[in-house]
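In: could you look at this predicted model? Sequence included:
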Amino acid sequence: MAEPGVETRTRSSVITARATASFEPVGRSVAAARAFVRDTLQGWGHPELVDDAVVLTSELVTNAVIHAGTSAEVLCLRSDDSIRVEVADRYPEREIPVQAGGRSLANPDRENGRGLLLCAALAHRWGVDYTPTRKHVWFHLDLARRPVGTRSAGPVLPEALLPVTDSRVRVAVVQIDRGGAISAWNEDAGELFGYTSDQVTGKPLGDLAAWPHTPGIGTGLAEALRLSRWEGSYGIRCSDGRVIPVYAAHLRVRDAQGEPSTVCLLVREHERAVLQTPQRPAAEPGSESRTTDPFEVFIGSPAPDDLDGLLQRTVERARDMLDGDAAFLLLATDDETELEVRATTGLPAARQRFARVPVETGASRYGSARMPAVHEDLAAVPGAVPLLEGTGMRSVVTVPLKVEGRLTGSLGVAAEAANRYSNEEALRLQFAADRIALAVESARLGELERLRRGSLSFLVEASDLLAGTLDRDQTLALMAQMTVPTLATWCAVYTIADQASDPYLSYVLHEDEDRIDGLKDLLSSISPPDPVPTPGARVWTAPGEAAQRAAVTASVRALDHPTSPLSSGIDSTLATASTVAGETVVLPLVARNRVIGMLTLGRPSEDHFRQEILELAEDLSRRAALALDNARLYSERVAISQSLQRSLLPPGLPDIPGVEVDVIYRAAGEGNEVGGDFYDLFPIRDGAYGFAIGDVCGTGPEAAAVTGLARHALRLLAREGFGGPAVLERLNAAILDEGARSRFLTLLYGEMRPQDDGSAILKVVCAGHPLPLRLRPDGSVSPAAEPQPLLGVMEDLELYEETVTLDPGDVLLCVTDGVTERREGTRMLGDDGLAEVLKTCTGLTAGAVASRVLRAVERFAQAPASDDMAILAMRLREPDDR
């Protein structure tokens, strides 16, 4: 069944090309179908039909996959005289709107039937075919008749209307491989950008491209390089550091082996006509007329699909319509109190973009953006239009953009001559503004939604990164790297140690690394911003003013003394001046009701921040401030903890005549320098030295507290003249006095008295500790003491002292159970394993013995040690060692 009066069969013609694709009933299929049709028609060489075909396909596929909930098949056919596109779905029960007796096909405000309405408006022929299981909607777009060999052509133009270029047009040809790296670079590219082929081959294009990016909005460079075709503008960073705007055309190709790459053609922005795809030609006289939309009449077809492109097209058409010298479009804030500059032509756009002006600038109706206004001579009313101050414009007409009575923006056209505009031009401009207001507001809301989604994703990622570190320097680096280049071109972080301290410049980052040093020198030479706790961004003009003064001074010096060495730095001075020539804002870093620093963001070339970016930066600054303060508190507590822990270690090892001593200590736990294991070696009286090595139950700060008690008590009691058993019995009583905080303790304590013949007499008490091992020069190993009860368990403790004589060349090794209880699965090093390791240390120094034991312990198991370890090695020197 087909709709009466609508053709359902194709004309007799030969099919010269065919492409088909299927799409699942999900929302993303609509975009995929659009891309399929666009790529197909562009590949066939018919870009003038792409826009109409994409619009129709989008609506028909939406009906199938969204409203009908079925899969859709899209078929593209090319014949000698037309393009046919078919969209088929599996929901044949639906009926099409019947056109009869003045009834319209569909209401454009309703979802159902809108695709067929568009078919009637845009297609040369269309129809619907039904089968028992499927429904096909098809449309034909006729191909324009062209002379043989001509793909597209434009009219003959007067020479004055031809595009302007340099005397020699240079087209850079750059080929990008699958990974995004430059694989080919022609001579014109070298002339335009200053790099030789050898300098750039193999480097990512992203290293040179200054790609405009806003979170959640727009296509990224990597995405653009993967598209089959792409045209647009971006910047290329030259070898001298300048970024020049270029217009580029990308084409995705593959070689004979099937390897894909992207060929990029680039020209200077003002020569974009060399590469820019021409707009669709106007209909030929006598061709079939179709319904025209007032919006398309003003904007032109195809209409840009992004907000910035739509706004820029609007101001250009408005300027041309009224034969003006400049035009501008401003969008209203949510509260309708301010207007934000979003698009200009004929004005210094870089300086004005995202600048804000009040909606009400005066008491009269001419001072309000809510009403149309004509200013015949701005010289007579200075300040009437703040945006045009200092631009040389004399007359201007402005009209509001309104949607449902709400002010959404303002459109204006200006001329350098006075008395150019009257109420008639205002009416014409208002009519055009009414046509595009709804489309602009819809695009703005879409952009805002994408920006909010991108901002949310950005903040989530930022929070994760900031929460992942407690290092202050790393937190500062993360703050800067998250803002550049996503939010700003450069950033600086000032920190404030305490309320009595001045702000300190802690970190500086610029998207161009070559400009970081100059920017840091500039910021260091001026006073930091005031630490105001008021939330929100505030403008800081000091960097721009200081850079401008430095640039003027350098320029004058270079003119007066061109050969002076002082004039050689003018390039870097001017580069720094351009870096901070845009808007600079300061956001306070407030944590726990105290200003701990400032986050400074900057734009180059007199650019302004858009309000959404400032709001995102404010959210980021709150998270960053808390992370920075957490890092500060953590660093302070770690410093205090480490200072206290170091006080528990011996300040140094004494020199014992005729004895080599070495100690290795490893505390378990991150950030712990001292744990439950401890050691000490100290002089008691003339010729006598005390040594101890012990292990408190557990690890960490709690065990370290008992460690400090034991070490200091040992020194005090030994120097009071008590013998080994008496020292340990009194220490046992002190530990038990700690009550619930007490912990049992294993301890090896001894006194060493070197003799004149090179030997040494030891008196040793081993209270539950791993036995000390004695290594003789002949390689034999034996215990140097017997085990006795540990400390901190029983009140009535009876200990005894053993006397051992060490001969020259003997080694006494004392360790804690972190060494002997080293495990790997069911295996344990044990006392026997330690003795076997010690047997291999014959002839080694005390330091070498301790190091070999440590290596043996570490290699015994793959996992890191989970217990504290202390190794004390003492060796009596032999006569030939002295």
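Out: Nice, I can see it.
In: pretty sure residue 520 sits against residue 506.
Out: No: between residue 520 and residue 506 there is no contact, the gap being 10.8 Å when judged by CB atoms under 8 Å. The way it works is simple: take the backbone N, C-alpha and C, and place the C-beta from them, glycine included.
In: packing partners of the helix ranked longest in the chain?
Out: As assigned by DSSP state H, the longest helix anywhere in the chain is helix 423-467. Judged by 3 or more CB pairs under 8 Å, 6 or more residues apart in numbering; DSSP states H and E, the packing partners of helix 423-467 are helix 294-299, helix 307-321, strand 326-332, strand 373-375, strand 395-403, strand 406-415, helix 472-483, helix 611-646.
In: for those, which one sits closest to residue 586?
Out: helix 611-646 (9.8 Å; CB to CB).
In: tell me which other helices or strands the closest one touches.
Out: Using 3+ CB pairs under 8 Å, 6+ apart, helix 611-646 is in contact with helix 423-467, helix 472-483, strand 584-591, strand 594-602.
In: circling back: now render the helices and strands packed on helix 423-467 as a markdown table, adding mean pLDDT, mean neighbour count and distance to residue 342.
Out: Output for these, formatted as a markdown table (pLDDT from 0 to 100; neighbours: other CB atoms under 10 Å; distance: least, CB to CB, whole Å):
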| stretch | mean pLDDT | mean neighbour count | distance to residue 342 |
| --- | --- | --- | --- |
| helix 294-299 | 52 | 16 | 16 |
| helix 307-321 | 83 | 20 | 5 |
| strand 326-332 | 87 | 25 | 5 |
| strand 373-375 | 87 | 20 | 19 |
| strand 395-403 | 89 | 24 | 11 |
| strand 406-415 | 88 | 24 | 8 |
| helix 472-483 | 88 | 19 | 23 |
| helix 611-646 | 83 | 18 | 11 |
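In: include distance to residue 129 when you put these into a markdown table, please.
Out: What follows is the helices and strands packed on helix 423-467, written out as a markdown table (distance: least, CB to CB, whole Å):
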| stretch | distance to residue 129 |
| --- | --- |
| helix 294-299 | 30 |
| helix 307-321 | 36 |
| strand 326-332 | 45 |
| strand 373-375 | 56 |
| strand 395-403 | 40 |
| strand 406-415 | 43 |
| helix 472-483 | 55 |
| helix 611-646 | 48 |
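In: which residues touch residue 696?
Out: 676-678, 703-704, 706-707, 710, 743-745 (CB atoms under 8 Å, 6 or more residues apart in numbering).
In: that one and residue 553, how far apart?
Out: Noted for residue 696: a distance of 68 Å to residue 553, by CB to CB, to the nearest Å.
In: and the closest residue to residue 613 other than its chain neighbours, how many neighbours?
Out: Distances taken as CB to CB, 6 or more residues apart in numbering place residue 487 nearest to residue 613, at 5.6 Å, with adjacent residues excluded. Residue 487 has 20 neighbouring residues, counting by other CB atoms under 10 Å.
In: same question for the one 3 residues further on.
Out: Other residues near residue 490 come to 27 when the count uses other CB under 10 Å.
In: count of neighbours near residue 205?
Out: Residue 205, neighbours per other CB under 10 Å, totals 21.
In: swap that for residue 863, please
Out: Neighbourhood size, residue 863 [other CB under 10 Å]: 8.
In: what about it, which SS state?
Out: Under the three-state scheme (DSSP: H, G, I helix; E, B strand; the rest coil), residue 863 adopts coil.
In: separation between it and residue 822?
Out: From residue 863 to residue 822 the distance is 10 Å (CB to CB).
In: pretty sure the residue nearest to residue 613 is in a strand, no?
Out: No: counting by three-state DSSP, residue 487 is not part of a strand but coil.
In: who's sitting farthest from the centroid in the protein?
Out: Within the chain, the residue lying farthest from the chain centre (CA atoms, centre = their mean) is residue 757, at 71.7 Å.
In: that residue should be in a helix, yeah?
Out: No: the assignment for residue 757 by three-state DSSP gives coil, which leaves it out of any helix.
In: for residue 806, see how far away it is.
Out: Counting by CB to CB - residue 757 and residue 806 are separated by 11 Å.
In: same check, this time on residue 134
Out: 101 Å.
In: looking at the two, which is more packed in?
Out: Between residue 134 and residue 806, counted using other CB under 10 Å, the more crowded position is residue 806 (23 against 14).
In: wait, the more buried one sits on residue 763?
Out: No: if you go by CB under 8 Å, residue 806 and residue 763 don't touch, sitting 11.8 Å apart.
In: over to the nearest residue to residue 378 once chain neighbours are set aside: give its phi and psi.
Out: Nearest non-adjacent residue to residue 378, counting by CB to CB, 6+ apart: residue 394, 5.6 Å away. Main-chain torsions, residue 394, degrees, to the nearest 10: phi -110, psi -40.
In: in the stretch 701-850 of the chain, which spans are strands?
Out: 745-754, 760-767, 773-775, 781-783, 802-806, 811-815, 823-824, 827-828 (DSSP state E, counting those that start in this stretch).
In: and the contacts of the fourth one?
Out: Contacting residues not belonging to strand 781-783 are listed as 771-776, 835, 838-839 [CB under 8 Å, 6+ apart].
In: next one: the last one
Out: The set of residues external to strand 827-828 that reach it, using CB under 8 Å, 6+ apart, is 820-822, 860.
In: do the same with stretch 648-657
Out: Here stretch 648-657 has contacts from 661, 663, 665, 673-674, 678-683, 689, 704, 707-708, 711, 752, 754, 874, using CB under 8 Å, 6+ apart.
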